[in-house]
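structural data only, the sequence is not supplied:
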């Protein structure tokens, strides 16, 4: 993992700050010792690890996250899971959805279970660390992106005095219904940034129309350029271009585009 330098005074969107959040999301996949060592390298002197386990028949083994803090900034990063482990339960629309944060709309039941299992630990770390008016950021890749979005929604809709300063997600699945998506879009204008890399398969789940994405899309095209939206016709052509980039295994593009290293490479390219 390449060491990142995080600007602890960052207050608004930039590609550089998005890269920092992407590296924080990537770090969530590492073990506790690596998280702690890297946090120190980045200038964060406090770390808390969050973990909860689940029993069958729930399809996830556990939920993991970490929170790091400096005198200026707090970041919570949620860990994702493997796309193949998500596909079946994200495609299941037969289980009743969970009420959304603050009773606003609904969310996928699997996200509700995963989030509620780890949230008390995350909330406790924020209370413990936020002693200097620090800015507060959530990030995550894959399932971690959905949990990052829900963490921000929980604070805003239930404790608006703690609305986070920003949320950056990478390869996030559809997380909620249209009601919560609209309320979230209104509350998190210029705070939420949802990155999708070309043909990444995970943002295509769970299926519409039951579940929706929040706005603030940052689309990474087949050439690795970050765009604010997907052009209607051009987007179809661009996705097709991505599918045919590897003629020996075109179907693998959706999984390859989901890899965290691909998001980081695109963000590094767009800094120049």
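Arrived safely, thanks for sending. Bear in mind the structure is a predicted one, so any value in this text is a computation, not a measurement.

show me what contacts the closest residue to residue 46 other than its chain neighbours?
Nearest non-adjacent residue to residue 46, counting by C-beta to C-beta, 6 or more residues apart in numbering: residue 69, 4.3 Å away. C-betas here are computed from N, CA, C, even on glycine. By C-beta atoms under 8 Å, 6 or more residues apart in numbering, the residues touching residue 69 are 44, 45, 46, 47, 75, 125, 129, 130, 134.

among those residues, which one has the most neighbours?
Using other C-beta atoms under 10 Å as the neighbour test, the contacts of residue 69 are led by residue 75, with 27 neighbours.

what's the closest non-adjacent residue to it?
Spatial nearest neighbour of residue 75, chain neighbours left out: residue 137 (4.8 Å); criterion: C-beta to C-beta, 6+ apart.

what about the strands in the stretch 1-150 of the chain?
Secondary structure of the stretch 1-150 of the chain, counting by DSSP state E, counting those that start in this stretch: strands at 46-53, 62-69, 73-78, 98-99, 106-107, 135-141.

contacting residues around the closest residue to residue 81 other than its chain neighbours?
Distances taken as C-beta to C-beta, 6+ apart put residue 143 closest to residue 81, at 5.0 Å, once the chain neighbours are dropped. Contact analysis of residue 143 by C-beta under 8 Å, 6+ apart lists 60, 78, 79, 80, 81, 86, 111, 114, 173.

pretty sure residue 148 contacts residue 167?
Yes: counting by C-beta atoms under 8 Å, residue 148 does reach residue 167; the two are 5.6 Å apart.

among those two, which residue is more densely surrounded?
When residue 148 and residue 167 are compared for neighbours, residue 148 comes out ahead with 31 against 27, by other C-beta under 10 Å.

for residue 205, the count of nearby residues, please.
Neighbours of residue 205 (other C-beta under 10 Å): 17.

backbone dihedrals for it, please?
phi -130, psi 160 (degrees, to the nearest 10).

name the nearest residue to it, sequence neighbours excluded.
Spatial nearest neighbour of residue 205, chain neighbours left out: residue 90 (4.1 Å); criterion: C-beta to C-beta, 6+ apart.

who's in contact with that neighbour?
By C-beta under 8 Å, 6+ apart, residue 90 lies in contact with 108, 110, 173, 205, 206.

what is the nearest of these to residue 101?
The closest of the contacts of residue 90 to residue 101 turns out to be residue 108 (C-beta to C-beta; 13.3 Å).

excluding chain neighbours, what is closest to that closest one?
Closest residue to residue 108 apart from its sequence neighbours, by C-beta to C-beta, 6+ apart: residue 206 at 5.7 Å.

can you tell me the SS state at that neighbour?
coil (DSSP: H, G, I helix; E, B strand; the rest coil).

and residue 190, by the same measure?
For residue 190, the assignment made with three-state DSSP gives coil.

dig out what the residue nearest to residue 46 forms beta bridges with.
residue 46, residue 74 (DSSP bridges).

now do it against residue 48, distance only.
With distances taken as C-beta to C-beta, to the nearest Å, residue 69 is found 8 Å from residue 48.

re the thing from before, and the gap between the residue nearest to residue 46 and residue 116?
For residue 69, the distance to residue 116 (C-beta to C-beta) stands at 23 Å.

now swap in residue 218 and tell me
According to C-beta to C-beta, residue 218 and residue 116 sit 28 Å apart.

cool, and residue 20?
Distance from residue 20 to residue 116, by C-beta to C-beta: 28 Å.

more crowded one of the two?
Shown here are residue 20 and residue 116; by other C-beta under 10 Å, residue 20 has more neighbours (24 against 14).

for the residue nearest to residue 75, give me its contacts.
By C-beta under 8 Å, 6+ apart, the neighbours of residue 137 are 21, 73, 74, 75, 76, 164, 165, 166, 167, 168.

just the buried residues from the residues you listed, in ChimeraX please.
Selecting only the buried entries of the contacts of residue 137 in ChimeraX, with 16 or more other C-beta atoms under 10 Å as the criterion:
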select :21,73,74,75,76,164,165,166,167,168
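
show me which of the contacts of residue 137 is closest to residue 64.
Nearest to residue 64 among the contacts of residue 137, with distances taken as C-beta to C-beta, is residue 76, at 11.5 Å.
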